[in-house]
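Novice: the sequence and its predicted three-dimensional model are supplied below.
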Amino acid sequence: MIECWTGRDYVTGEPVEEPEAVVSEEEEDPLITLEARVEELEKELQYSAAEMVNVRQRAARDRSDAIRYGGMSLALRMLPLLDSLEKALEASVGEDLETLGEGVRLTLEGARAAMESEGVVKIEVGSEFDPTTMEAIATVPVPDGHKAGSVIEIVEVGYMYHDRVLRAARVIVAEDE
């Protein structure tokens, strides 16, 4: 008859205790490892989703700025035209060239209307110097009737393009000596 030698010493035939399977503390349960990996990947997915939202918002803002400020270089090139027309209109005053003056005035009004429809507006110069919209090209002693820091003369008109300064107004400012 055939005996089953499982659990016995093969030489002596005496019963032997089989060692239990020892799980090393260094070895981790595969389920715990997988759960940790899933948690890590879920966090990465959340970060990626948040980054995509940020990229979309940034792209939308960039598109909006490109549309809003895309014509800025054209507007900047047209400013000398406006300046020339204003000077021609001033030169025709008092002359016998009423029709020339009227034509220049109408041209200037049309050019201004076109610029305003694109968001270009003249900077209104108040009595006080404003460094955010003006450039002081000279200072003079405070004349009678004025105070220090007030605009005495506008040398070159400034313009805004929507909410940005297209060209600062160039002015002469009163200053204490």
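Specialist: Arrived safely.
Novice: now stretch 117-125: how far from the chain's centre is it?
Specialist: Between the centre of stretch 117-125 and the centre of its chain there are 21 Å (Cα atoms, centre = their mean, to the nearest Å).
Novice: what average pLDDT does that stretch get?
Specialist: Stretch 117-125 carries an average pLDDT of 88.
Novice: same question, stretch 155-171
Specialist: Confidence for stretch 155-171, expressed as mean pLDDT, is 94.
Novice: any buried residues in that stretch, and which?
Specialist: Within stretch 155-171, the residues scored as buried using 16 or more other Cβ atoms under 10 Å are 157, 158, 159, 160, 161, 166, 167, 168, 169, 170, 171. Where C-beta positions appear, they are placed from N, C-alpha and C, glycine not excepted.
Novice: contact partners of stretch 57-76?
Specialist: With contacts defined as Cβ atoms under 8 Å, 6 or more residues apart in numbering, stretch 57-76 is touched by 115, 118, 119, 120, 159, 161, 162, 164, 166, 167.
Novice: narrow the buried residues of stretch 155-171 to those in strands?
Specialist: Among the buried residues of stretch 155-171, the members found in strands (DSSP state E) are 159, 160, 161, 166, 167, 169, 170, 171.
Novice: using JSON lines, lay out those residues together with distance to residue 75.
Specialist: Shown next, in JSON lines, are those (distance: Cβ to Cβ, whole Å):
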{"residue": "159", "distance to residue 75": "8"}
{"residue": "160", "distance to residue 75": "10"}
{"residue": "161", "distance to residue 75": "6"}
{"residue": "166", "distance to residue 75": "6"}
{"residue": "167", "distance to residue 75": "9"}
{"residue": "169", "distance to residue 75": "16"}
{"residue": "170", "distance to residue 75": "18"}
{"residue": "171", "distance to residue 75": "21"}
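Novice: can I assume residue 165 is in contact with residue 135?
Specialist: No: using Cβ atoms under 8 Å as the test, residue 165 is too far from residue 135 to be in contact (9.7 Å).
Novice: hang on, the earlier thing: can you pick out the most distant pair from the ones in strands among the buried residues of stretch 155-171?
Specialist: The largest separation in those, counting by Cβ to Cβ, is between 161 and 171 at 19.3 Å.
Novice: does residue 137 belong to a helix, a strand or coil?
Specialist: Each residue gets one of three states, and residue 137 gets strand by DSSP: H, G, I helix; E, B strand; the rest coil.
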